[in-house]
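S.K.: no sequence on this one, just coordinates:
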């Protein structure tokens, strides 16, 4: 039986006050239309980006297939001058290539030193920063990163979650985004922050039978649309044509909750990481018991977690 399908709500001309007071507290994805993003939606053509972005070397994912898999790593990392990346990503077939003539490219911009610095389009691409206005839906001191993304047509990113709220600004091109609620995590076959299920439109239900229970929220983004993705919501992004996007992440929890070494916005909060380590120790302790006892006390632990930690508002 297929899971429920929902269309993500679209709203036009939402003010900061409306968003903060009425929409944000609902913790649901939302497509915002008609937000003033500056001239980027018309200016950021292939030629303009190539010229203004310059020859700065960028690290990119190169994939021979459209469905990228971060678990099996079915892609390679390469570097290209930014102008060449833009030109190549806009092509269907390539005269010059790393893997194959129809390879796909994906840029997720990085900080100067990716181990220490977060991505910020205003610092890494200063000549472009005047073209884009960030929606003012959070306080400046909450800002974490602004990530420049460029995708080849047809490219599909793996389903994953981030631990910070973010806005996905679709500057040019079209994307289809499928989202799943954090409450459906048990149906997504997770490895870390990522789902093993790559083909979300035609999943192998013999291998992933629970996936059919996951409720699916879907939207299409066109130039100028902004998608609010609340923290912990899983998302799978398909670029239906060559496109440029900017993700803006911000901290909605107190700063001390986040891992200080996190430059991507996807490391679990420190309390969650500590809890996972404690659970691993508990499971190792249970392993000292014979199977019958281990099974019984593990089930009791699960019931205890459900009773003490699950939200009473679980849908």
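M.R.: Nice, I can see it. As the structure is a prediction and not an experimental result, all values here were calculated from the model.
S.K.: which residues sit in contact with the closest residue in space to residue 49 that isn't next to it in sequence?
M.R.: Distance criterion Cβ to Cβ, 6 or more residues apart in numbering; nearest residue to residue 49, sequence neighbours excluded, is residue 86 at 4.8 Å. C-beta: built from backbone N, CA, C; applies to glycine. Residue 86 makes contact with 46, 49-50, 53, 150, according to Cβ atoms under 8 Å, 6 or more residues apart in numbering.
S.K.: Out of those residues, which is nearest to residue 212?
M.R.: For the contacts of residue 86, the minimum distance to residue 212 (Cβ to Cβ) is 33.5 Å, reached by residue 150.
S.K.: Pull the contacting residues for the closest one.
M.R.: Taking Cβ under 8 Å, 6+ apart as the test, what residue 150 contacts is 85-86, 89, 105-107, 243-245.
S.K.: The stretch 151-300 of the chain: strands as residue ranges?
M.R.: Secondary structure of the stretch 151-300 of the chain (DSSP state E, counting those that start in this stretch): strands located at 165-172, 175-180, 190-191, 194-195, 216-221, 226-229, 234-239, 243-250.
S.K.: avg pLDDT for the first one?
M.R.: What that stands for is strand 165-172. Confidence for strand 165-172, expressed as mean pLDDT, is 97.
S.K.: Direction included, what does that strand pair against?
M.R.: strand 226-229 (antiparallel), strand 243-250 (antiparallel) (DSSP bridges).
S.K.: Figure out which of those strands is closest to residue 274.
M.R.: Residue 274 lies closest to strand 243-250 among the strands paired with strand 165-172, at 22.6 Å (Cβ to Cβ).
S.K.: Just the buried positions in that closest one, please.
M.R.: Across strand 243-250, burial judged by 16 or more other Cβ atoms under 10 Å covers 243-250.
S.K.: Check stretch 248-257 too.
M.R.: For stretch 248-257, the neighbour count (16+ other Cβ under 10 Å) marks 248-252 as buried.
S.K.: try stretch 202-221
M.R.: In stretch 202-221, counting by 16+ other Cβ under 10 Å, buried: 203, 208, 211, 214, 216-217, 219-221.
S.K.: do the same with stretch 32-49
M.R.: 32, 35, 37, 40-41, 43-44, 46, 49.
S.K.: Show me the residues you listed that map onto strands.
M.R.: The strands, defined by DSSP state E, take in residue 32 from those.
S.K.: Which pair of the buried residues of stretch 32-49 spans the longest distance?
M.R.: 32 and 46 (26.0 Å).
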